[in-house]
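Trainee: just to be clear, the model below is a prediction. Sequence and coordinates:
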Number of protein chains: 2
Amino acid sequence: MVTASPLTLGVVGGGQLGRMLAEAASPLGVELIVLDPTPDCPASLVARDQIVGDFDDEEAIRELAERSDALTFEIELADPDVLEAVSEEYDVPVHPDPATLRTIQDKLVQKRALQDRGIPVPDFRPVDSREDLLEAGEEFGYPMMLKARRGGYDGRGNVPVEDEDDVDDALSQVSGELMVEEFVPFERELSVIAVKGDDEVATFPVGENVHEEEILRQTVVPARTSDEVRERAEDVAHEVLSALSGRGTYGIELFECEARSASQTSSGEQRDPRAAESEILVNEIAPRPHNSGHYTIEGALTSQFEQHARGVLGYPLGATDLRSPVVSSNVLGDVDEPESADLSGVEGVLSTDGAAFHWYGKREVRPLRKMGHVTLVGDDLDADDESTLTDLLETTRELTDSLSFQ
Amino acid sequence: MVTASPLTLGVVGGGQLGRMLAEAASPLGVELIVLDPTPDCPASLVARDQIVGDFDDEEAIRELAERSDALTFEIELADPDVLEAVSEEYDVPVHPDPATLRTIQDKLVQKRALQDRGIPVPDFRPVDSREDLLEAGEEFGYPMMLKARRGGYDGRGNVPVEDEDDVDDALSQVSGELMVEEFVPFERELSVIAVKGDDEVATFPVGENVHEEEILRQTVVPARTSDEVRERAEDVAHEVLSALSGRGTYGIELFECEARSASQTSSGEQRDPRAAESEILVNEIAPRPHNSGHYTIEGALTSQFEQHARGVLGYPLGATDLRSPVVSSNVLGDVDEPESADLSGVEGVLSTDGAAFHWYGKREVRPLRKMGHVTLVGDDLDADDESTLTDLLETTRELTDSLSFQ
């Protein structure tokens, strides 16, 4: 399995996820070649090589396949058709399955696929016209969330529709194919990092995500919620995994919300009257390691990145147990305009016991761009009570707030 | 501190220590260039670049300095004179101090430097002739250990002298300048990984080393010995640190032995009659991360490799606390002749909860060559009793024994 000529993993995308994948793959003896349009992309430092090219550049993906033992992607902008064709042409496996990528790339298709499997999701419908959106308003009530079906991330492409009068304004802010979802008044945003291996699956402990301006700021693990909710979230994650094909790490974003009444839903189905007080809805799935799983590097026995490499290559998966309570916090660009990235305040992070600093090596900082993250582990696995976690969250926030590009 | 143009660390040597240094430096935003004579050396995969050249190739070291913000080395074969000159010429700091490297490279000079500072070492003397060795035999008694002053590692260059009749045979097995040491009937071999930062020092928990054929096989942490011995070992490590100049990680090998009687020693000094039952002697020092500190990657809050990068660059040092009981075990070449490296049995390691696999990417396996290591962490920090550690040791041994190149 480990040979004199080490295995090479070809990765479409060379951002921070590719960089952390390379950091985790190296101890396994797995070398990365990344395909990314930006020279000196974050992953290029620790990868064996970078092919400079667009994510859907067929010639570049061909070269990647020719030089690799297996293919994967760390960005949803990868082209599933090209990956599928090249994988067949060069007889190089690609994971996750391009069909899964295709499903996930279109939020409407993704939601339908989940709904078809009986997996709980917010109510949704396609929007092909102004009339569709107005009808949805009557069905779901306001506010609702208008979404571009493709290409959105970090909240981009998502526009709240406050009322009937807001419909035209909302439509003017998004382009391409659209869908709309009911607004879910969630208690918490949760996520589960889940991994498909060769005939095995694994889920990491449930994380609680703190967003601001629709961008993930912190992940607290274990989530500060009830055991029942955590169990339900893990069950849902397993249901999601069974609906997806192809090995590797997936990020599953969830809403924890109050159980809706036992009365009929908008789609006419009966909800289970025995439903618990809380219910879990699937928000979105990422077919790759996820920002909310960065805590696994220090917090779990195996990281989500090592698991991705193991999964894609068909190696046995590692243990997902938590090593201690843990909080991760994103370092985002706090500038108004793009500029050369020059971060101050790192000494505070480095001097804090149990804090780990992760820098992505991006040469340019932009407003709210993800530049790095800080992870803080607690002392004692048993001290996972809410106050310990809240203390860790506060400290982690202070550490990231003390970092600045200005 | 972290800037758009990341800091570059120039490293003389690109073996497994350089590779693990690169893995640990990447999250800090620190990029490595390594100088090593072997193309595709282990560190080259995760380093930004490799300069192919000998460790003492002045032109190559010049190029390294020109492209780096700081210099260090991961092998004692680095040339202190060249490093000193180039550091001055290019105004690039080098750590640890080349003077320290010079002292450590000559085992006799190293022992004298320690003795001069009052640090306990085995009795020793230089050997310039057959007569010197015979005199040492009368002084120390047999057996004693004849050592090449320079260039030995993994026991190479060390020859036991069993009795007077063995003197000629022993001398025929070593070359170059020589020294001889009393034979220390130690209870345990211990080591402390110690770090010098900018006006601060740190030591990791004391490890217990298991050797076979004079090569390190396993390190058990914390060491299965008394609290008093552990404290004494840490004290000695601090004394050693204060005798060394230059920042970075050091590996300090120690013998735990029965306290010698309060009577006069061979050198005529009075030993302290209040000495505890055990005493700690310094065996050898490495001015770099050390094989017995690999456990820190999973076992401690900060790894010895990250500490080395932090130390060399003058960043604050990280916390050295243990996260759980931990054992590391070397994967050595089990072949009779050099051959292409093709390892089987890794699945067993990957399927064991809490086990981590580290592969060094060496293309050729040779008898007893260090090819990788396995680390196994325990569940609970409080379960550091001897039986837990012995169980971890047994499991780790079984895992490495199940790996084979044959």
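Mentor: It's in.
Trainee: shouldn't A:Glu386 be in contact with A:Ala223?
Mentor: No - judged on C-beta atoms under 8 Å, A:Glu386 makes no contact with A:Ala223 at a distance of 10.3 Å. The C-beta positions use only the backbone N, C-alpha and C, and glycine is treated the same way.
Trainee: which one of the two has more residues nearby?
Mentor: Of the pair A:Glu386 and A:Ala223, A:Ala223 is the one with more neighbours under other C-beta atoms under 10 Å in any protein chain shown, namely 23 against 10.
Trainee: and the more buried one, what does it touch?
Mentor: Counting by C-beta atoms under 8 Å, 6 or more residues apart in numbering or on different chains, A:Ala223 touches A:188, A:190, A:206-208, A:229-230, A:233.
Trainee: one more time with 10 Å
Mentor: Shown in contact with A:Ala223 (C-beta atoms under 10 Å, 6 or more residues apart in numbering or on different chains): A:188-192, A:205-209, A:229-230, A:233, A:254, A:256, A:389.
Trainee: most widely separated two among those residues?
Mentor: A:Leu254 and A:Leu389 (18.1 Å; C-beta to C-beta).
Trainee: counting neighbours, go ahead and name the busier of those two.
Mentor: Remark: of A:Leu254 and A:Leu389, A:Leu254 carries more neighbours, 28 against 21, as counted by other C-beta under 10 Å.
Trainee: the more buried one is in what secondary structure piece?
Mentor: Assigned by DSSP states H and E, A:Leu254 belongs to strand A:248-258.
Trainee: how about that strand: buried residues?
Mentor: A:248-257 (16 or more other C-beta atoms under 10 Å in any protein chain shown).
Trainee: picking up where we left off before, of the contacts of A:Ala223, closest to chain B?
Mentor: Within those, proximity to chain B (C-beta to the nearest C-beta) peaks at A:Pro205, which comes in at 14.6 Å.
Trainee: for that closest one, which three-state class applies?
Mentor: Secondary structure, DSSP: H, G, I helix; E, B strand; the rest coil: A:Pro205 is coil.
Trainee: pretty sure it contacts A:Ile193?
Mentor: Yes - the pair A:Pro205 / A:Ile193 is scored as a contact, 8.8 Å apart, by C-beta atoms under 10 Å.
Trainee: between these two, which is the more surrounded one?
Mentor: Taking other C-beta under 10 Å, A:Pro205 and A:Ile193 do not tie; A:Ile193 has more neighbours (31 against 22).
Trainee: from B:Tyr295, how far off is that one?
Mentor: A:Ile193 sits 26 Å away from B:Tyr295, going by C-beta to C-beta, to the nearest Å.
Trainee: and the helices in chain A?
Mentor: With helices called from DSSP state H, chain A shows them at A:16-25, A:58-66, A:80-90, A:98-105, A:107-116, A:130-140, A:167-172, A:227-243, A:296-299, A:304-313, A:346-350, A:386-401.
Trainee: counting by contacts, list what the longest one packs against.
Mentor: In other words, helix A:227-243. If contacts are counted by 3 or more C-beta pairs under 10 Å, 6 or more residues apart in numbering or on different chains; DSSP states H and E, helix A:227-243 sits against helix A:107-116, strand A:188-196, strand A:201-203, strand A:207-212, strand A:248-258, strand A:278-286.
Trainee: winner for burial among these?
Mentor: Among these, the stretch with the highest mean neighbour count (mean count of other C-beta atoms under 10 Å in any protein chain shown) is strand A:188-196, at a mean of 26.
Trainee: and that strand, what does it pack onto?
Mentor: strand A:201-203, strand A:207-212, strand A:215-221, helix A:227-243, strand A:248-258, strand A:278-286, helix A:304-313.
Trainee: picking up where we left off before, let me have the helices and strands packed on helix A:227-243 in a markdown table, adding mean pLDDT and distance to A:Phe357 as columns.
Mentor: A markdown table is the format used below for those (pLDDT from 0 to 100; distance: least, C-beta to C-beta, whole Å):
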| stretch | mean pLDDT | distance to A:Phe357 |
| --- | --- | --- |
| helix A:107-116 | 97 | 34 |
| strand A:188-196 | 98 | 21 |
| strand A:201-203 | 97 | 27 |
| strand A:207-212 | 95 | 19 |
| strand A:248-258 | 97 | 22 |
| strand A:278-286 | 95 | 24 |
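Trainee: so which of those is nearest A:Val374?
Mentor: Of all the helices and strands packed on helix A:227-243, strand A:207-212 comes closest under C-beta to C-beta, at 13.7 Å.
Trainee: quick one on the thing from earlier: out of the helices of chain A, nearest to B:Glu398?
Mentor: helix A:304-313 (21.2 Å).
Trainee: and that closest one, C-alpha only, in PDB?
Mentor: Written as PDB, here are the backbone C-alpha positions of helix A:304-313 (Å, rounded to 0.1, in the frame of the first residue of the first chain):
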ATOM      1  CA  GLN A 304     -11.400  15.500   8.300                       C
ATOM      2  CA  PHE A 305      -8.600  16.000   5.800                       C
ATOM      3  CA  GLU A 306      -6.800  12.800   6.600                       C
ATOM      4  CA  GLN A 307     -10.200  11.100   6.500                       C
ATOM      5  CA  HIS A 308     -10.800  12.600   3.000                       C
ATOM      6  CA  ALA A 309      -7.400  11.200   1.800                       C
ATOM      7  CA  ARG A 310      -8.200   7.800   3.400                       C
ATOM      8  CA  GLY A 311     -11.700   7.700   2.000                       C
ATOM      9  CA  VAL A 312     -10.800   8.700  -1.600                       C
ATOM     10  CA  LEU A 313      -7.900   6.200  -1.700                       C
END
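Trainee: now it: how far from the chain's centre is it?
Mentor: On the basis of C-alpha atoms, centre = their mean, to the nearest Å, helix A:304-313 sits 15 Å off its chain's mean C-alpha point.
Trainee: is it true that A:Trp359 touches A:Val365?
Mentor: No - A:Trp359 is beyond contact range of A:Val365, at 11.7 Å (criterion: C-beta under 10 Å).
Trainee: so what sits against both of these two?
Mentor: With C-beta under 10 Å, 6+ apart, A:Trp359 and A:Val365 have common neighbours A:331, A:341, A:343, A:371.
Trainee: which one of these is nearest to B:Phe73?
Mentor: A:Leu343 (28.3 Å).
Trainee: contacting residues around the spatially closest residue to the closest one that is not a sequence neighbour?
Mentor: What sits nearest to A:Leu343 in space, not counting adjacent residues and going by C-beta to C-beta, 6 or more residues apart in numbering or on different chains, is B:Val2, at 4.3 Å. Counting by C-beta under 10 Å, 6+ apart, B:Val2 makes contact with A:331, A:341-346, A:357, A:359, A:361, A:371-372, A:403, A:405, B:28-30.
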